[in-house]
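Peer 1: Can you look at this prediction? I've put the sequence above it.
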Amino acid sequence: MDTYDVSNVPGYLQYLENHKNKLKNARALKGQPAMPQKSRDEILMQFMFRQMMKETPSACEESLQSSFLPPAYPPSIASFNDLKKVMIKSLCLETHHRGRYLLLRSITKTHNTAAAMFLVEDEDDNVFILQLYNHNQELSGAQILKKGTILLVKEPYVKVMVDGEYGIRVDHPSDVSFVPQFDHLVPLSWRDRVSDADEDAFSWKVEGSEYFNQNDFRSAIQCYSKGLETQPSPELLVILQLNRALCLLKNHCFEAALEDVEMVLNLSEKSEKGLFRKAQAFYQLRMFKESCETHAILARHYPGNTAAAHEYQRALARLAEVENGKYEFKKMILEAKKRRPPSLDRGTYIGPIAVKQTESRGRGLFTTAAVKAGDLLLCEKAFAHAFHNGDESQNLRLLIDVDMNKATIGTQPELIETISQKLYKNPSLIPGFVDLHHGTYEPVGVKEVDNKPIVDSFLVERIIVLNSFGCPLLSRAIHIHSMERVDDLTRSSNRQFHSVGIWKMASYINHSCMSNARRSFVGDMMIVRASMDLPADTEITFWYKTPLDCDPKELPLDLQQWGFTCDCALCQDTQNAGRRALSNRVKFLSEVETLLKKSMMNLRVVENLLLSLAGTYRRPAHEVPRLALYPSYLALATIYCSSNKPKKAVQFGLLCLESLGFVIKGGNIPRASGAPLCVEKWGLMTDGVVGCWMTLCRAYQELAPDLSPQAEGYARISYKICVGEDETFEQTYSTLSHRTDGFLVTAK
Ligand SMILES: C[S@@+](CC[C@H](N)C(=O)[O-])C[C@H]1O[C@@H](n2cnc3c(N)ncnc32)[C@H](O)[C@@H]1O
């Protein structure tokens with residue numbers, strides 16, 4: 001949703017086709033020996049040269065990096081004990097070596113491009129390229145793969161890579177493990193020291209702490225684990241377990257950290273560090289209630305621990321957000337502007353909504369109580385978010401997925417990696433994530449093997465394709481941008497974004513062009529508000545793609561990517577409209593748009609054309625919105641308001657809202673009675689609606705001053721629905737603005 005899909009853009013389409021051809025040619029080599037007929041030195045020289053060339057971008061080289069997804073293959077679900085060792089010399093091309101494992105040692109440093117890539121050797125001294133996908137963040141900083149790192153690859157997949165080289169490709173995090181030097185699998189010739197037998201728990205603790213001080217948490221964890229195996233004294237056991245818990249926290253393995261501190265607290269229930277780390281692990285797992293409960297015990301026993309007291313306050317604030325849905329949105333906006341990535345430390349509020357089975361759209365999200373337009377339904381922290389800072393091409397990638405016939409530009413590869421690693425490190429999150437819609441993809445159905453979770457990165461990718469949202473840094477900025485473009489009639493809200501994320505609860509919302517809710521973003525928080533009054537037990541829908549800006553003939557929208565066709569009233573009506581009515585609609589619309597772009601125009605001619613355009617619709621607008629009309633009505637309302645014809649401004653302002661499906665009472669001039677202005681039914685919500693209400697507010701000032709603040713009130717609700725909050729309304733709109741739609745050009 002709102003991602004940069006370039007699958008049908010000619011240049012990329014060609015790219016996709018070329019890639020498919022390469023895959024076809026590669027498949028023809030299936031089963032042939034993979035080991036190159038070159039000496040070890042030749043391979044090494046060639047590898048280094050290629051990496052050097054990749055690191056020195058030439059002037060003509062495109063800055064956009066590509067990631068290619070091969071046809072999906074399942075992760076290994078074999079137990080290590082059932083696997084036999086295979087050597088490089090026996091590997092075959094385009095083959096998944098099921099029932100086998102490779103023990104490898106890196107002989108070069110890592111080159112982190114789309115994948116972490118390096119040369120490895122086996123015990124026969126044969127060398128080969130290894131590509132580890134979804135490991136870049138894991139293998140960065142102090143944890144970068146050093147020369148001499150030992151790895152075990154389960155059921156290795158050997159591929160002809162895009163550049164024609166041969167290599168082992170690992171996609172699933174659970175298919176590879178980093179083997180400590182002292183593991184019994186490691187041959188003596190690969191060890192720095194001959195034996196670790198004499199090392200005691202204390203030595204392991206010292207060694208672990210050295211790694212910790214270098215921020216190499218993976219190696220530190222290995223040392224502390226080894227120390228724990230050597231029957232340490234009770235004091236040392238607690239230290240090793242606490243130290244390992246800290247490293248696990250730093251390495252984002254929050255569940256394992258929790259297990260360690262529980263062990264400590266079983267031995268010593270008042271351990272200050274144990275309680276503190278437990279509270280931190282719960283916080284990171286977003287279990288704020290449990291975190292607060294642990295903090296309460298900590299505060300009782302250690303009232304002087306100021307760091308813990310500070311974190312307790314933080315956990316209490318999160319809990320309040322989760323329970324009450326009260327957020328300081330202005331503060332969040334400032335934070336989102338400053339923080340990179342804009343990851344906000346906030347809790348998720350789930351309003352009066354619940355997931356339920358629908359009749360024909362799988363599961364959907366429903367209201368559990370009646371709500372009003374503008375009410376907060378959901379304010380959700382991203383499960384994972386990959387941010388792209390618009391100015392740099394740094395983490396921007398072209399992702400080619402041959403299975404799905406899809407090419408996207410954005411941060412999708414980073415998101416696949418972030419989620420794959422998050423699940424691998426915190427397996428309790430797997431069921432909730434893989435419950436998300438994944439179409440026809442068949443998961444392996446095995447949760448763990450040898451006490452390690454199985455993570456399928458292709459399943460992760462498929463879930464991302466079907467459930468991810470492209471998102472701006474701030475929806476408010478997008479709103480401002482669309483209001484600044486006064487000359488653009490449509491003020492497009494059909495946007496595509498390079499940043500992408502997964503919001504699990506929002507993923508259950510189905511699409512309808514006749515949407516009744518709208519999403520907006522502040523950093524990595526998604527805000528979903530009702531865009532109309534909804535009774536209890538109503539299915540909540542929003543746009544995967546907006547129907548507002550498309551050519552009338554483009555309905556029903558192309559939603560093929562999600563595997564369904566929209567059958568809302570709008571799409572059905574367009575399909576039933578008949579060719580003649582549709583081509584007339586297109587013709588009149590184009591004529592009106594051309595006229596409205598001119599600096600001098602005959603407004604009577606425009607009005608007559610709009611009457612003809614309205615005549616192409618058969619059903620009333622409150623049943624089927626008249627999308628081709630609303631931008632022109634809005635333009636006329638603005639023109640009449642600024643040329644001091646408030647009556648006409650009211651007429652066209654109301655027509656604009658009615659064309660979007662609104663039913664408004666008490667707004668017409670002359671007034672039939674002194675009845676208040678009242679929206680009896682809300683229509684489709686687009687950014688322009690805010691300006692339309694503000695134009696009405698201005699026009700009523702002269703004609704019916706009591707209606708003016710009511711129109712402003714509706715502008716405020718509409719603003720809240722569009723940008724997620726109304727705390728910044730006064731910074732953005734004012735009745736004193738020199739613009740008739742109240743927009744403040746100084747809004748930032
Ligand atoms: C993000 S998921 C929405 C939740 C999903 N219905 C579920 O059961 O998890 C997107 C998928 O929902 C289904 N869907 C969404 N809107 C639909 C609609 N208007 N009509 C039919 N299916 C729809 C499609 O299968 C689509 O790929």
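Peer 2: Now that the structure is in, tell me what you want to look at. Numbers count the residues shown, from 1 in each chain.
Peer 1: Now tell me what touches stretch 74-88 from outside.
Peer 2: Stretch 74-88 has contacts (C-beta atoms under 8 Å, 6 or more residues apart in numbering) with 34-35, 97-103, 121-124, 126-128, 152, 154-156, 171-172, 174-175, 444, 446, 449-450, 454-458. In this view, the C-beta of every residue, glycine as well, is placed from N, C-alpha and C.
Peer 1: Which residue, neighbours along the chain excluded, lies closest to the residue in the chain that the ligand sits nearest to?
Peer 2: Using C-beta to the nearest ligand atom, the closest approach of the chain to the ligand is made by Gly362 at 2.8 Å. Distances taken as C-beta to C-beta, 6 or more residues apart in numbering place His437 nearest to Gly362, at 6.3 Å, with adjacent residues excluded.
Peer 1: Confirm that the one you found lies within a strand, as I assumed.
Peer 2: No: secondary structure of His437 (DSSP: H, G, I helix; E, B strand; the rest coil): coil, not part of a strand.
Peer 1: Go ahead and confirm it touches Val465.
Peer 2: No: look at His437 against Val465 with C-beta atoms under 8 Å: they stay out of range, at 10.0 Å.
Peer 1: what about the two, which has more around it?
Peer 2: The neighbour count for His437 versus Val465, taken as other C-beta atoms under 10 Å, is higher for Val465 (22 against 17).
Peer 1: Specify the local secondary structure of that one.
Peer 2: Per three-state DSSP, Val465 ends up helix.
Peer 1: any idea how far it is from Asp403?
Peer 2: Val465 sits 10 Å away from Asp403, going by C-beta to C-beta, to the nearest Å.
Peer 1: Please apply the same query to Phe387.
Peer 2: As judged by C-beta to C-beta, Phe387 and Asp403 stand 26 Å apart.
Peer 1: Neighbour count: those two, which is higher?
Peer 2: Remark: of Phe387 and Asp403, Phe387 carries more neighbours, 23 against 14, as counted by other C-beta under 10 Å.
Peer 1: secondary structure element for the closest residue to the more buried one other than its chain neighbours?
Peer 2: Excluding the flanking residues, the one nearest Phe387 by C-beta to C-beta, 6+ apart is Pro341, at 3.9 Å. Taking DSSP states H and E as the definition, one finds Pro341 inside no helix or strand.
Peer 1: what's the pLDDT at Pro341?
Peer 2: At Pro341, the pLDDT value in this model is 96.
Peer 1: Out of the contacts of stretch 74-88, which end up buried?
Peer 2: Among the contacts of stretch 74-88, those classed as buried by 16 or more other C-beta atoms under 10 Å are 34-35, 97, 100-103, 121-122, 126-128, 152, 154-156, 171-172, 174-175, 449, 454-458.
Peer 1: Could you list which of the residues you listed belong to strands?
Peer 2: Members of the buried ones among the contacts of stretch 74-88 lying in strands (criterion: DSSP state E): Arg100, Tyr101, Leu102, Leu103, Glu121, Val127, Phe128, Leu152, Lys154, Val449.
Peer 1: right, and the helix or strand after the host helix or strand of Ala281?
Peer 2: Using DSSP H and E, Ala281 falls within helix 272-284. Per DSSP H and E, the first helix or strand lying C-terminal to helix 272-284 is helix 288-301.
Peer 1: Can you mark which positions in that following helix are buried?
Peer 2: Buried residues in helix 288-301, counted by 16+ other C-beta under 10 Å: Phe288, Glu290, Ser291, Cys292, Thr294, His295, Leu298, Ala299.
Peer 1: these two touch, right, the third one and Phe282?
Peer 2: Yes: shown here, Ser291 and Phe282 form a contact pair, counting by C-beta under 8 Å, at 3.8 Å.
Peer 1: Tell me the secondary structure at Leu423.
Peer 2: Per three-state DSSP, the local secondary structure of Leu423 is helix.
Peer 1: Give me the number of neighbouring residues for Phe202.
Peer 2: 15.
Peer 1: That one is in contact with Leu236, isn't it?
Peer 2: Yes: with contact defined as C-beta under 8 Å, Phe202 counts as touching Leu236 (6.5 Å).
Peer 1: from memory Glu712 sits against Val690, does it?
Peer 2: No: under the criterion of C-beta under 8 Å, Glu712 makes no contact with Val690, lying 10.3 Å away.
Peer 1: More neighbours: these two, which one.
Peer 2: Using other C-beta under 10 Å as the criterion, Glu712 and Val690 rank with Val690 on top: 29 against 20.
Peer 1: A helix includes that one, no?
Peer 2: Yes: counting by three-state DSSP, Val690 is part of a helix.
Peer 1: what sits against it?
Peer 2: Residues near Val690 by C-beta under 8 Å, 6+ apart: His479, Met483, Ala715, Ser718, Tyr719, Cys722, Tyr733, Asp741.
Peer 1: let's see 6 Å
Peer 2: Val690 makes contact with Ala715, Ser718, Tyr719 under the criterion C-beta atoms under 6 Å, 6 or more residues apart in numbering.
Peer 1: export these to TSV and tack on distance to the ligand and pLDDT?
Peer 2: TSV is the format used below for the contacts of Val690 (distance: C-beta to the nearest ligand atom, whole Å; pLDDT from 0 to 100):
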residue	distance to the ligand	pLDDT
Ala715	30	98
Ser718	24	98
Tyr719	27	98
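Peer 1: most neighbours, which of these?
Peer 2: Tallying neighbours with other C-beta under 10 Å puts Ser718 at the head of those, with 29 neighbours.
Peer 1: Now do the contacts for it.
Peer 2: Contact analysis of Ser718 by C-beta under 6 Å, 6+ apart lists Val689, Val690, Trp693.
Peer 1: and the chain, which of its residues are near the ligand?
Peer 2: Residues of the chain lying near the ligand by C-beta under 6 Å from any ligand atom: 361-364, 437, 466-467, 507-508, 510-512, 562-564, 566.
Peer 1: what comes into contact with the helix holding Ala281?
Peer 2: Residues from elsewhere that reach helix 272-284 (C-beta under 6 Å, 6+ apart): 242, 245, 254, 257-258, 261, 264-265, 290-291, 294-295, 298, 302, 308, 315.
Peer 1: cool, stretch 741-748 as well?
Peer 2: Stretch 741-748 is contacted by residues Ile480, Met483, Gly691, Met694, Thr695, Gln731, Thr732, Tyr733, Ser734, Ser737 when judged by C-beta under 6 Å, 6+ apart.
Peer 1: Can you list which of the residues you listed are found in helices?
Peer 2: Taking DSSP state H, the ones among the contacts of stretch 741-748 that sit in helices are Ile480, Met483, Gly691, Met694, Thr695, Gln731, Thr732.
Peer 1: Pick out the most distant pair among the residues you listed.
Peer 2: Farthest-apart pair in the ones in helices among the contacts of stretch 741-748 is Thr695 and Gln731; separation 19.2 Å (C-beta to C-beta).
Peer 1: the more surrounded of those two?
Peer 2: With neighbours defined as other C-beta under 10 Å, Thr695 and Gln731 compare such that Thr695 has more, 29 against 14.
Peer 1: per-residue confidence for the more buried one?
Peer 2: Looking at Thr695, its pLDDT stands at 98.
Peer 1: mind listing what it touches?
Peer 2: Ala637, Thr638, Cys641, Gly653, Thr740, Asp741.
Peer 1: Helix, strand, or coil at the spatially most central residue of the chain?
Peer 2: Against the mean C-alpha coordinate of the chain, by C-alpha atoms, centre = their mean, the closest residue is Gly501 at 0.5 Å. Look at Gly501: counting by three-state DSSP, its state is strand.
Peer 1: mind checking pLDDT for it?
Peer 2: Confidence at Gly501, expressed as pLDDT, is 98.
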